[in-house]
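Chemist: coords below, sequence missing:
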């Protein structure tokens with residue numbers, strides 16, 4: 001699946017989960033600002049399993065640095081769609097995020113928020129068309145502004161991160177299960193799980209049907225569960 005599909009699905013999963021999962025799981029009450037920020041963080045986290053691919057969205061985030069890092073992750077994890085596409089990986093990065101927030105505080109929280117928002121901006125195409133310098137500056141600039149706003153106005157910012165990271169990574173795995181090759185959810189057990197609905201990455205079924213449907217569902221979910229009640233229309 002395309003990075004855009006993963007990001008939108010991550011946002012949708014968070015919007016839905018925010019109103020069904022206990023507050024202690026997501027780290028914040030389902031208030032409008034927290035849900036909107038959590039959805040964006042989850043959208044970025046939905047790209048993390050593709051850190052095993054040298055040409056995926058994470059690889060393009062900071063040029064040669066992230067491309068080299070993704071190549072290394074790919075080698076260590078067994079290649080694309082291996083270890084980083086497993087439930088074990090989801091558990092590890094969720095626990096790792098909680099540990100980082102708990103032990104390092106803002107030194108961990110702020111950079112992670114920035115990276116996740118930059119990934120979300122990149123994948124959701126919140127920048128001028130293309131992959132040039134202008135697109136990169138826009139994505140990084142939006143991430144910087146978003147991070148500053150989150151730090152200034154979101155109490156308990158670190159508490160949002162473990163849930164957003166875990167849900168985003170899980171959304172990625174479920175999305176890949178809808179494509180050919182599926183995902184090795186029980187890695188290191190080698191079986192791949194798949195229900196093939198998207199036969200080719202970037203196909204019309206994905207770009208013209210799936211992404212628009214997920215986008216509409218996300219905005220509808222945000223409105224009816226989060227924002228409409230604020231205006232007395234829900």
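Modeler: Perfect, thanks for sending it. All values reported here derive from a predicted model rather than from experimental measurement.

Chemist: so for the helix or strand harbouring residue 149, mean pLDDT?
Modeler: If you go by DSSP states H and E, residue 149 is part of helix 133-153. Taken as a whole, helix 133-153 has an average pLDDT of 94.

Chemist: list the contacts of that helix.
Modeler: Contact partners of helix 133-153, identified using Cβ atoms under 8 Å, 6 or more residues apart in numbering, comprise 33, 37, 40, 106, 110, 113-115, 117-118, 120-122, 126-129, 157. C-beta: built from backbone N, CA, C; applies to glycine.

Chemist: just stretch 194-204 next, same as before
Modeler: So stretch 194-204 is contacted by 1, 2, 177, 178, 179, 180, 181, 182, 183, 205, 206, 210 (Cβ under 8 Å, 6+ apart).

Chemist: ends of that stretch, what's the gap?
Modeler: 20 Å (Cα to Cα, to the nearest Å).

Chemist: from the chain's centroid, how far away is the helix or strand where residue 213 lies?
Modeler: Using DSSP H and E, residue 213 falls within helix 211-222. Offset of helix 211-222 from its chain centre (Cα atoms, centre = their mean, to the nearest Å): 15 Å.

Chemist: contacts for that helix next, please.
Modeler: With Cβ under 8 Å, 6+ apart, helix 211-222 has contacts from 2, 4, 5, 8, 9, 11, 12, 15, 16, 35, 36, 39.

Chemist: filter the residues you listed down to the ones in helices?
Modeler: Among the contacts of helix 211-222, the members falling in helices (DSSP state H) are 4, 5, 8, 9, 11, 12, 15, 16, 35, 36, 39.

Chemist: possible to save these as a markdown table with pLDDT, distance to residue 59 and neighbour count?
Modeler: What follows is the ones in helices among the contacts of helix 211-222, written out as a markdown table (pLDDT from 0 to 100; distance: Cβ to Cβ, whole Å; neighbours: other Cβ atoms under 10 Å):
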| residue | pLDDT | distance to residue 59 | neighbour count |
| --- | --- | --- | --- |
| 4 | 94 | 15 | 22 |
| 5 | 95 | 17 | 26 |
| 8 | 97 | 20 | 28 |
| 9 | 97 | 20 | 26 |
| 11 | 97 | 21 | 31 |
| 12 | 97 | 24 | 25 |
| 15 | 95 | 27 | 25 |
| 16 | 93 | 29 | 16 |
| 35 | 92 | 29 | 24 |
| 36 | 94 | 27 | 18 |
| 39 | 96 | 24 | 27 |
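
Chemist: okay, the residues you listed in a markdown table with distance to residue 228 next?
Modeler: Output for those, formatted as a markdown table (distance: Cβ to Cβ, whole Å):
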| residue | distance to residue 228 |
| --- | --- |
| 4 | 26 |
| 5 | 26 |
| 8 | 21 |
| 9 | 23 |
| 11 | 18 |
| 12 | 17 |
| 15 | 13 |
| 16 | 15 |
| 35 | 13 |
| 36 | 14 |
| 39 | 16 |
